[in-house]
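Novice: Here you go, sequence then predicted model.
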Amino acid sequence: MLVLEALRIEQTDFHLSADLTVDTGDRVAVIGPSGAGKSTLLAAIAGFVHPASGRILWEGRDISGLPPGERPVSILFQDQNLFPHLSVSQNVGLGVRPDLRLSAPDRDRVDQALAQTGLEGLGDRLPGTLSGGQQSRVALARALLRDRPVLLLDEPFAALGPALKAEMLDLVATLSSRKRMTVLMVTHDPADARRFAPRTIVVAEGRAHPPADTGAILDTPPPALAAYLGK
């Protein structure tokens, strides 16, 4: 269970509060107007933004003071953060060991992650030779190999076309369910939220609201979200 307990983030003229719980294994969309703080919320959970007050707990443990690398969290960004001079297998292997000193069992895990994400046979390729969808799969395979129970998606598939994006969302849903990962996904697209996330956090007017049923929120959105969606 992920708990944001009386969390408050302050940055110059920006502030965001959150007091909410995400159950273990849930898939939750994070939606709201541009600039409301959706990415900032994920960055705080990942440890890249330090809250002014409050706590972040995972399974009852306070992780608020941990550096990003020690948190039970992986995060995928839109730019994928792939190293262009490393092969696909090496990029994925970074999820096991940052120094890439992989044992035979480690290499087997890399091969398995490539197979799970539809990249079998592409391990020797460089990222620049891959399509956008394949690059997204490389980043996902690396995140899965980190084997962290919380996965944060900061619009990593936003640049993909509708069909590829839907394919990636379905893949993440399948693999995260298999591993019982807790997933929070920032999105600007209500269709993505409906497709991927049974629950949704609305971020608007300085607050991240507790998760609620996605269909209900999007069918009858609160005023700030309705204005953003044009309803």
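Specialist: Arrived safely. Numbering: from 1, shown residues only.

Novice: burial count for residue 220?
Specialist: Residues near residue 220, counting by other C-beta atoms under 10 Å, number 10. No exception for glycine: its C-beta is placed from N, CA and C like everyone else's.

Novice: Please shift the residue numbers so they start at 560 in all later answers.
Specialist: Right, with 560 as the first residue, what we last looked at is residue 779.

Novice: Need the pLDDT of it.
Specialist: Here, the pLDDT recorded for residue 779 equals 91.

Novice: list the contacts for it?
Specialist: By C-beta atoms under 8 Å, 6 or more residues apart in numbering, the contact list for residue 779 is empty.

Novice: Try it again at 10 Å.
Specialist: Listed by C-beta atoms under 10 Å, 6 or more residues apart in numbering, the contact set of residue 779 reads 785, 790.

Novice: And it, how close does it get to residue 790?
Specialist: 9 Å (C-beta to C-beta, to the nearest Å).

Novice: now swap in residue 684 and tell me
Specialist: The value you get for residue 684 to residue 790, if C-beta to C-beta is used, is 44 Å.

Novice: Show me which of the two is the more surrounded one.
Specialist: A direct count of neighbours by other C-beta under 10 Å for residue 684 and residue 790 places residue 684 higher, at 15 against 12.

Novice: ok, then the element right after the longest helix belonging to the chain?
Specialist: Across the chain, the longest stretch assigned as helix under DSSP state H is helix 721-738. Sequence-wise, the next helix or strand downstream of helix 721-738 (DSSP states H and E) is strand 741-745.

Novice: Which is the succeeding secondary structure element to that following strand?
Specialist: For strand 741-745, the following helix or strand on the C-terminal side (DSSP H and E) is helix 749-755.
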